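In: A structural model of the following input is requested.
(chains A and B)
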Amino acid sequence: GENVEQHPSTLSVQEGDSAVIKCTYSDSASNYFPWYKQELGKRPQLIIDIRSNVGEKKDQRIAVTLNKTAKHFSLHITETQPEDSAVYFCAAGGNNNDMRFGAGTRLTVKP
Amino acid sequence: KAGVTQTPRYLIKTRGQQVTLSCSPISGHRSVSWYQQTPGQGLQFLFEYFSETQRNKGNFPGRFSGRQFSNSRSEMNVSTLELGDSALYLCASSLAGTSGYEQYFGPGTRLTVT
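Out: Predicted coordinates:
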C-alpha cells in the first residue's frame, strides 16, 4: 500500500517569511495529492490539492508542486501570518486506493 | 448542506468493553472513510466504505470493523478495547471515494479507554 512521509514534523517561522513542507510517497499509481490544515481542536480541512497531470498549482499565498518522477510534492506558504499556525497534513491516493496521510507538520508563525 | 456529523462526540470506556461510533456523511456522498488520530501519529487510515461495501482497509487488527448502510451512514465498532485505542476517531465523506475527491471531515469522536 501507499506510504507517505512528511518533513519537517515541526516548523517555526517569523511572520512574513515563507514556509515549505515536503512529502514523499511510495505508490507510483497515486494521482491525487491533497493538503489539509488542522487548527487546534478543529477538524482537518482541505486547503489545496493537485493531480498528477499538473506540476504546480497556486491559490493566493499557497502553492503546491509535484514531481511524479521523484515521487515527492511540497506545500509552499508565502507571506505567512499568525493565522497560518496549525498542523498541516499531506496525503496521497487515487485509483480507488485509500488515501494515506503523512504524520503532519506543526507550523508556528511567530508575530 | 449539513456537514459531516459524528456521534457521540466523547466517550469513556473500560478495557475489554466494545464501542460503536457513528458517522453521517454529507447528503449525496457515497464514500465514508475512518481515521484514527493520535498525537504524533497523524491520521491513520482504518477503512473506507463505498455503497455499503468496504473498499479499502488499513493496517488495524480485526477488533476494528465497520459497516455502511443504504443511506450512506456508517458505523465503526471496536471490540475488546485496549488502552492504546484511546484516540480521536475521525470520519470523512466524499462524493465518490478517496480517489481524487475532496474529503470532508467530521468533528470526531474522542474515545478514552481506562
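In: can you give me the end-to-end distance of stretch A:89-99?
Out: Between the opening and closing residues of stretch A:89-99 lies a distance of 12 Å (CA to CA, to the nearest Å).
In: pull out the buried positions in that stretch.
Out: Across stretch A:89-99, burial judged by 16 or more other CB atoms under 10 Å in any protein chain shown covers A:Phe89, A:Cys90, A:Ala91, A:Ala92, A:Gly93, A:Gly94, A:Asn96, A:Asn97, A:Asp98, A:Met99. Heads up, the C-betas are built off the backbone N, CA and C, glycines and all.
In: correct me, but the last one touches A:Phe89?
Out: No. Contact criterion CB atoms under 8 Å: A:Met99 and A:Phe89 do not qualify, at 10.3 Å.
In: what about the helix or strand containing B:Tyr35, near chain A?
Out: Per DSSP states H and E, B:Tyr35 falls inside strand B:31-38. Yes. Using CB under 8 Å from any CB of the partner chain, strand B:31-38 reaches chain A at B:Ser33, B:Tyr35.
In: mind listing what's buried in that strand?
Out: B:Ser31, B:Val32, B:Ser33, B:Trp34, B:Tyr35, B:Gln36, B:Gln37.
In: widest-spaced pair of the buried residues of stretch A:89-99?
Out: The span of the buried residues of stretch A:89-99, defined through CB to CB, is set by A:Phe89 and A:Asn96 at 20.8 Å.
In: buried stuff in whichever strand or helix holds B:Asn77?
Out: Secondary structure from DSSP H and E places B:Asn77 in strand B:74-78. Applying a neighbour-count criterion of 16+ other CB under 10 Å, one finds B:Ser74, B:Glu75, B:Met76, B:Val78 buried in strand B:74-78.
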